[in-house]
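>>> all I have is the shape, not the residue letters:
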Ligand code: ADP
Ligand code: MG
């Protein structure tokens, strides 16, 4: 590349004229646009906008209607509007909050107040009586007259300028990219779209008679909705132009996931069909019988393992539904057949607990359970790695440390991943590579307590089979949940005292809004000190992320044996901890947690036969959303219902925990809102894979971006 080429990005005209017009916008960098220098380019890249196509797929969050002037007499409180009028008077109002008040009128007895709390002296002098202003802002109720607070305003001079010809889009953005920059860039992108259209990735027949079957037409409409467009339909993304794009996005996901799945089918997996001896021995030693739901999912898993195709199964079951024993029996089936098993948990604490549970069940049967985490160092680690490589270690429990390159298995037959939602799709794919060789991969069982609504499961896990444990083991009593304001902390502490007096055990969970581990640990330490002081007769234990593992294990062990009455903890206890005698849980700052997390935490109690309680301590005043969340928590223990609501309140990415990993993000489609599009999208994906293979790559490039994940077969 020559120096001049590096400085001057390829010009749009050159490409449009130079031949390969069809794919131009897909490849054309935004760096060629006016107003895009290195800084802006970098900010755009932060939002994954690199090409003109990416830009065109960056959709407005909402719209403003500046297409018509609203008479002041016709304004509606709460709506945003464009108005025009003459300044009648302006004054600075002294008082509790000093403000500049400008009276604007557009007719006899029709007035409105523009109010500014932040203003300069020159601004105060600027609003002279008689000047004409055009303003845009939200209409608020005021004293005696409607108001606009800090509206946008512009002086109208001699010739009357027309209102805008289309709705004004407001784009999601990042620091340093103003709306005017977005609009300017979009103008240029739309102009180029007019010259060289994006390639159509959907065969006509998949679109049926839908309006906006033309992609460019839909894009222009969404970025520049004409006067009279239905604002509500657009804002709620129910407009046919949005649906056209949502549909294409869902098709792209289905195509990607199906390709992944086809690729998986091409490789083989070890046939794990042992004689059932170990499984029978475990069943005989358990103090309970499996529930019908557990038996059913175990049957599904067992059949998969006996096939020469790799199992890819998601085992879904609410907290406390008994997934661990199912995993143990699946592991034994692999061990019976002479293969190794790896069980991966998302946190050390959880891996510790799995190690303990499995060792308790399996060591009496003569199976040693090994444990590997990032903490294991030096000789201990080297010995363990040797044992894994030689095949002497057969069942290994650990964290993601299990899947570092240095860990080599002699013959890994089954990988079990607990609490999948903490891991991204990336990790899931990576684990498969831990098989003995390229043509033979281990079976995979993925367990999650996050109840995934069906619409989401179909969208995101099209590459997985689904097994659901839909009933809890018998003998559980429902948990009573109440919300208590922080001001009544004393009463709460008194309840803890009474519960401990009655021989019950209690969790006290400290949470903070900042996901700073250090601060959480500090808060937990302070609470533990305070509680120990106020409850002299109660033995208090403390666990958090910074307590040494050996100490943590001994504290957890003591709590499990009933030697501690109260366990103060951070959200490290969110998953997996199992103490049936614990029947009271207090969650501090409950208003700051999402439904899924609250439900997971609450699942630590209600595991025995006594009635359990969960107290959600909150700080008033509650936001609307927090109030709704706490209300939902009080009204139901149904994890499925809570997950559906969580999805509605937060959006799909967060529910699945993909926001952090960025593995799967939908731009337009919403699996819940657009449920009716999911099945047609699956049919379209099948059609494209069967009859239009050329469309696969452009579709995946356009919508999924992450070719590493979906692109290879
Ligand atoms: P999760 O699905 O949340 O991982 P666990 O596997 O930890 O749930 O099981 C929760 C508790 O229920 C454990 O104490 C477990 O031993 C117990 N359990 C599992 N299956 C049954 C059953 N069929 N009957 C009675 N108790 C069971
Ligand atoms: Mg579990």
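Yes, it's here. The structure displayed is predicted, hence computed values, not measured ones. Residues are numbered from 1 along each chain as shown. Ligands and ions are numbered 1, 2, ... in the order given.

>>> residue 101 contacts residue 113, doesn't it?
Yes: proximity of residue 101 to residue 113 meets the contact threshold set by Cβ atoms under 8 Å, at 5.6 Å. C-beta here means a position set from N, CA and C on the backbone, and glycine is covered the same way.

>>> tell me where the model's unsure across the stretch 151-300 of the chain.
158-160, 209-210 (pLDDT under 70).

>>> near ligand 1, which residues of this protein? Just list them.
288, 290-291, 294, 317, 319-325, 449, 473, 578, 607 (Cβ under 6 Å from any ligand atom).

>>> buried ones in the top strand by length along the chain, by neighbour count?
Identified as the longest strand of the chain according to DSSP state E is strand 80-93. Along strand 80-93, these residues count as buried under the neighbour rule (16 or more other Cβ atoms under 10 Å): 80, 81, 82, 83, 84, 85, 87, 90.

>>> stretch 144-163 too?
In terms of neighbour count (16+ other Cβ under 10 Å), stretch 144-163 has its buried residues at 146, 147, 148, 151, 153.

>>> how about residue 97, what does it touch?
Residues in contact with residue 97, defined by Cβ atoms under 8 Å, 6 or more residues apart in numbering, are residue 117.

>>> what count of nearby residues applies to residue 52?
When counting by other Cβ atoms under 10 Å, one arrives at 27 neighbours for residue 52.

>>> now it. Nearest residue, chain neighbours left out?
If you skip the residues right next to it in sequence, residue 52 has residue 25 as its closest partner in space, 4.3 Å away by Cβ to Cβ, 6 or more residues apart in numbering.

>>> check which helix or strand residue 444 maps to.
Taking DSSP states H and E as the criterion, the element that holds residue 444 is strand 443-448.

>>> repeat that for residue 102.
Secondary structure assigned from DSSP H and E places residue 102 in strand 99-107.

>>> same question for residue 190.
Since the elements are taken from DSSP H and E, residue 190 ends up inside helix 179-195.

>>> can you tell me what sits against that helix?
When contacts are defined by Cβ under 8 Å, 6+ apart, helix 179-195 is touched by residues 12, 16, 24-25, 28, 30, 33-36, 40, 52, 55-56, 58, 168-171, 173, 216, 219-220, 223-224.

>>> narrow these to those in helices?
Where these overlap with helices, as defined by DSSP state H, the overlap consists of 12, 16, 24, 25, 40, 52, 55, 56, 216, 219, 220, 223.

>>> farthest-apart pair in these, please.
Checking the ones in helices among the contacts of helix 179-195 against each other with Cβ to Cβ, the farthest-apart pair comes out as 40 and 216, at 24.9 Å.

>>> how far does the strand holding residue 444 sit from the chain's center?
Taking Cα atoms, centre = their mean, to the nearest Å, the mean C-alpha location of strand 443-448 is offset from the chain mean by 20 Å.

>>> can you list the strands that that strand pairs with?
Based on DSSP bridges, the strands next to strand 443-448 in the sheet, each with its direction, are strand 312-317 (parallel), strand 412-418 (parallel).

>>> the residue of the stretch 601-713 of the chain found nearest ligand 1 and residue 359, how far apart?
Per Cβ to the nearest ligand atom, residue 607 is where the stretch 601-713 of the chain lies closest to ligand 1, at 5.7 Å. The spacing between residue 607 and residue 359, counted by Cβ to Cβ, to the nearest Å, is 20 Å.

>>> please identify which of those two sits among more neighbours.
residue 607 (23 against 17).

>>> so the more buried one makes contact with residue 582?
Yes: applying Cβ under 8 Å, one finds residue 607 in contact with residue 582, separated by 7.4 Å.

>>> one step back: what packs against the helix or strand following the helix holding residue 190?
The helix or strand immediately downstream of helix 179-195 is helix 204-207, counting by DSSP H and E. Taking 3 or more Cβ pairs under 8 Å, 6 or more residues apart in numbering; DSSP states H and E as contact, the helices and strands that helix 204-207 lies on are helix 240-266, helix 675-691.
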